[in-house]
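*Asks:* quick one: sequence and predicted model below, then my questions.
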Amino acid sequence: MTPDRSVTPDRATPSRRALLAAAALLPLAACGTDDRPADHARRRSPTPTGSPSGRPTVHRPRLADLEREYGARVGVYALATGTGATVVHRAGERFAFCSTFKALAAAAVLHHRSAGGLDRRVTYTEADLRSTAPVTGKHVATGMTLRELCDAAVRFSDGTAGNLLMRDIGGPAGLTAYLRGLGDTTSRMDHYEPELHDVPPDDPADTTTPQAIATDFRDLLLGTALPVRERRLLMGWLSRNATAVGARRIRAGLPGDWKVADKTGTGDYGRANDIAVVHPPRTGPLVLAVMTDRPGRDAEPSDALIAEATRRTVAALKLPGLPGHPSPSITGP
């Protein structure tokens, strides 16, 4: 995509550039899964474990009653990186990405361009403002740099910015190929916004699972999938979430002194998501994905449901610093 080219997505068929991008990305990985050639996906790093047996503890909090209370489906995957303990509830079921894809699109741009290439300016027109545009709508005349688009997409959930980032890496096919390079063989992107919000339940298009996207966040923000400088940029954008719902979901279910880097998503069918890396003050990072939906296209998403699911999930992990779970004593020299 050249700076003076219109960026209105073509949704009829994948562009030649998208296909080339996908083909170029796939061989980057080192080894694969049983049903894929070995050069198509990097093997995921092992889950940390602190149990004596070497097997992480799996907690299954009672979230079914929460689903009945809210008339919703709830998917949760949490990993306490310090111990390897996990919480799982429908962790392998598919949920719509909604706007959570924007964090992954920004990561893909960081991977391909590196921090040094983020000052490239992208121009666009009024016709490209097909989705939410709280930031991009103010800069049609001048365009925006890739750095500014990443900030707008991740912090303000600007849909047009998300589309422009995805276009830069080869469209939905390019983002899917990038995720395959991370070792994520589950998640898939098929559309730009706003079409990705129209996908009905039971359609695998534009979906991921709580475990898959949480593991992507772990690899990108706590692992080595991105170089240090790019990793810090992404963590910074996620930590300064400026959306109204950001304060009402995972953050609302945690103590106020816990640091959160997250990306939310909202859509039809009562879809409400929040994916985060959480830094409690007295233990290792927590990786958490909470994804929800409800029957009926016009169903309302619930921030309170995510907040309560977060409370129950964190309580099940018995992390230090929570009420009833005192921090370990610290002895001076």
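*Replies:* That came through fine.
*Asks:* now the helices for the stretch 51-200 of the chain?
*Replies:* Shown for the stretch 51-200 of the chain, the helices assigned by DSSP state H, counting those that start in this stretch span residues 64-70, 101-113, 146-155, 159-168, 171-182.
*Asks:* residues contacting D262?
*Replies:* The contact partners of D262, by C-beta atoms under 8 Å, 6 or more residues apart in numbering, come to L238, N241, G246, R249, I250, R251, D274, I275, A276, V277. In short, each C-beta sits where N, CA and C put it, glycine included.
*Asks:* per-residue confidence at the fourth one?
*Replies:* Reading off the confidence values, R249 has pLDDT 99.
*Asks:* burial count for it?
*Replies:* 31 (other C-beta atoms under 10 Å).
*Asks:* G265 is in contact with that one, correct?
*Replies:* No - R249 is beyond contact range of G265, at 10.0 Å (criterion: C-beta atoms under 8 Å).
*Asks:* and the helix or strand where V260 lies, how far out from the chain's middle?
*Replies:* Using DSSP states H and E, V260 maps to strand 259-267. Mean-position distance between strand 259-267 and its chain equals 8 Å (C-alpha atoms, centre = their mean, to the nearest Å).
*Asks:* excluding its backbone neighbours, what's nearest D303?
*Replies:* Leaving aside its sequence neighbours, D303 sits nearest to R248 (C-beta to C-beta, 6 or more residues apart in numbering; 3.9 Å).
*Asks:* quick check: that neighbour vs R312, distance?
*Replies:* Between R248 and R312 the distance is 17 Å, computed by C-beta to C-beta, to the nearest Å.
*Asks:* what's the answer for V260, then?
*Replies:* If you go by C-beta to C-beta, the gap between V260 and R312 works out to 17 Å.
*Asks:* let me see the contact set for the closest residue to A103 other than its chain neighbours.
*Replies:* The shortest distance from A103 to any non-neighbouring residue, by C-beta to C-beta, 6+ apart, is to K263 (4.0 Å). The contact partners of K263, taken as C-beta under 8 Å, 6+ apart, are S99, T100, K102, A103, V154, S157, L238, N241, D274, I275, A276.
*Asks:* and if you look at G75?
*Replies:* Contact criterion C-beta under 8 Å, 6+ apart gives H89, R90, A91, E93, F95, T209, P210, A289, V290, M291, T292 as the residues in contact with G75.
*Asks:* re the thing from before, reformat the contacts of K263 as TSV; add neighbour count.
*Replies:* Conversion of these to TSV gives the following (neighbours: other C-beta atoms under 10 Å):
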residue	neighbour count
S99	26
T100	25
K102	30
A103	28
V154	32
S157	29
L238	23
N241	24
D274	30
I275	28
A276	31
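*Asks:* now the strand holding V260 and helix 146-155, what's the angle there?
*Replies:* Using axes from the mean of the first three to the mean of the last three C-alpha atoms, to 10 degrees, the interaxial angle of strand 259-267 with respect to helix 146-155 works out to 80 degrees.
*Asks:* spatially central residue for this protein, please.
*Replies:* For the chain, the residue whose C-alpha lies nearest the mean C-alpha position (C-alpha atoms, centre = their mean) is T100; its distance is 4.5 Å.
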